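Enquirer: no sequence on this one, just coordinates:
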């Protein structure tokens, strides 16, 4: 049984552990990149997609130009 049933809390747990172990990020772009990738991977996980498929779908999206 998971320690909590709150899916939002579970989604940020990886980021919190990473931040605590590494003492944070040295740059804003590193922090933003990590947050964006974790968001993509966690969303894909909820849709039963692999990490690779989640990232591939985002990069091949026609809306990808909006985020450049």
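Expert: That came in fine, so what should we check first? These figures come from a predicted structure and were not determined experimentally. Numbers count the residues shown, from 1 in each chain.
Enquirer: use CA for all of it now, contacts and neighbours both
Expert: Will do.
Enquirer: my read: residue 44 touches residue 56, true?
Expert: No: using C-alpha atoms under 8 Å, residue 44 is not in contact with residue 56, being 10.5 Å away.
Enquirer: compare those two (neighbour count), which wins?
Expert: More crowded of residue 44 and residue 56, by other C-alpha atoms under 10 Å: residue 44, with 19 against 11.
Enquirer: show me where this protein has strands.
Expert: With DSSP state E applied, the chain shows no strands anywhere along its length.
Enquirer: lowest average confidence, helix or strand, in it?
Expert: Least confident element among the helices and strands of the chain, by mean pLDDT, DSSP states H and E: helix 7-22 (a mean of 80).
Enquirer: how about it: buried residues?
Expert: Buried positions in helix 7-22, judged by neighbour count with 16 or more other C-alpha atoms under 10 Å: residue 15.
Enquirer: and what of stretch 32-49?
Expert: 38, 41-42, 44.
Enquirer: look up how far residue 36 lies from residue 54.
Expert: Noted for residue 54: a distance of 12 Å to residue 36, by C-alpha to C-alpha, to the nearest Å.
Enquirer: how close does residue 45 get to residue 54?
Expert: Taking C-alpha to C-alpha, one finds residue 45 at 8 Å from residue 54.
Enquirer: actually residue 62, not the one I wrote
Expert: From residue 62 to residue 54 the distance is 15 Å (C-alpha to C-alpha).
Enquirer: more crowded one of these two?
Expert: It is residue 54, of residue 62 and residue 54, that has more neighbours when counted by other C-alpha under 10 Å, with 19 against 9.
Enquirer: quick check: closest non-adjacent residue to that one.
Expert: residue 44 (5.1 Å; C-alpha to C-alpha, 6 or more residues apart in numbering).
Enquirer: cool, thanks, signing off.
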